[in-house]
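*Asks:* turn this into a model:
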Amino acid sequence: MAARAVEDFALSKRLIGERSEYLPKRQAGSISQPAELSAKKGGGNMTNIFDNIELLEKRDELRDSFMRKKEDKSSLQKYSTLIDVIDEWKYSTGPIFDQPPYTSEMSGFDGGRLLKRSFRDPFEARLKGAYSSGFKNGAHVVTIDPSKPASTPIVATFFSHGSDVIDSSSIRIYNNSLHSSLKQPELIGVKQIFNYSLGIKVCVGVGSRNSYTIIIYYCDSEGLVSAASMATAPFDVQANYRFEYDSERKLCAVTSGVDIWRRKSL
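*Replies:* Modelled structure (predicted):
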């Protein structure tokens, strides 16, 4: 049971968008930015998230919602049926269609790329190390993570798109076309991505074992992310990031005082 608890905590942290080992330790008094969010100069006045009551209250509200949804087994069962009505599957080496953006790069990993090969279905793809992104009516609605063997539960993240908000729920599914199980689906984590103000987007995510992540994205006039702040459990640390783009406006580096991720030369 203890090992499973550790696994759940680590998995929920990843799915809500953070890896704390890549974040610098927070030192008292080291961040003096005002609590108000500002998009000036692409995040030049980045907030101290731990001083922003509004975002902390949003985290607590989402945590309460997570606990209620976790007990609603009938609703969780409905999520798995969505996999059967997908219009199109796209396969990749990473969760390249997921929101919020750039969480892999902010953790020091490549974001992934589309694969040219196809698979019989996402269940075959996950056994062969590929991410499967499902689309319905042109909208990205689910991503299935790679995992094996077939008896390993599927980890799928479902996305719901509103006019200004994207909600996602990450669920462990035990029953699939290659393996039968009587276990009910389990909710691992939930996220909400929303427009906070002009040029600023926020992602708040919570998961098992009180894990959470709050990310503030500061965007330039063209909508590209120029800076970000991220706060995370269990150590209540914050890191501030800068994003660099090439002449074609494609991401080439993420820094936080030092390089966190830099695109490999072609």
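
*Asks:* surely Pro234 and Gly207 touch.
*Replies:* No - using CB atoms under 8 Å, Pro234 and Gly207 do not qualify as a contacting pair, with a distance of 11.4 Å. All C-beta atoms are positioned from the backbone trio N, CA, C, and that covers glycine.

*Asks:* in terms of neighbours, single out the busier of these two.
*Replies:* Using other CB atoms under 10 Å, the more surrounded residue of Pro234 and Gly207 is Gly207, with 26 against 12.

*Asks:* separation between the more buried one and Glu222?
*Replies:* 33 Å (CB to CB, to the nearest Å).

*Asks:* same question, Tyr212
*Replies:* Taking CB to CB, one finds Tyr212 at 30 Å from Glu222.

*Asks:* compare those two (neighbour count), which wins?
*Replies:* Tyr212 (24 against 8).

*Asks:* what's near enough to touch the more buried one?
*Replies:* Residues in contact with Tyr212 (CB atoms under 8 Å, 6 or more residues apart in numbering) are Ile16, Arg59, Arg63, Val204, Gly205, Val206, Thr232, Ala233.

*Asks:* turn those residues into TSV, including distance to Ser104, secondary structure and neighbour count.
*Replies:* Shown next, in TSV, are the contacts of Tyr212 (distance: CB to CB, whole Å; DSSP: H, G, I helix; E, B strand; the rest coil; neighbours: other CB atoms under 10 Å):
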residue	distance to Ser104	secondary structure	neighbour count
Ile16	13	coil	30
Arg59	22	helix	19
Arg63	24	helix	16
Val204	19	strand	25
Gly205	15	strand	28
Val206	20	strand	26
Thr232	15	strand	24
Ala233	19	coil	20
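
*Asks:* between those, which sits nearest Leu127?
*Replies:* Ile16 (25.0 Å; CB to CB).

*Asks:* so in the protein, which strand runs the longest?
*Replies:* For the chain, the strand that runs over the most residues, judged by DSSP state E, is strand 186-197.

*Asks:* mind listing what the residue lying closest to Gly94 once chain neighbours are set aside touches?
*Replies:* In space, and not counting its chain neighbours, Gly94 is closest to Gly112: 1.8 Å by CB to CB, 6 or more residues apart in numbering. With contact set as CB under 8 Å, 6+ apart, Gly112 has these partners: Ser92, Thr93, Gly94, Pro95, Ile96, Ser104, Tyr131.

*Asks:* need phi/psi at the last one.
*Replies:* Backbone geometry at Tyr131, expressed as degrees, to the nearest 10, gives phi -80, psi 140.

*Asks:* what does the second one give?
*Replies:* According to degrees, to the nearest 10, the main-chain angles of Thr93 amount to phi -90, psi 0.

*Asks:* state the number of residues packed around it.
*Replies:* Neighbours of Thr93 (other CB under 10 Å): 15.

*Asks:* skipping adjacent residues, who's closest to it in space?
*Replies:* Among residues not flanking Thr93 along the chain, Gly112 sits closest, at 4.3 Å (CB to CB, 6+ apart).
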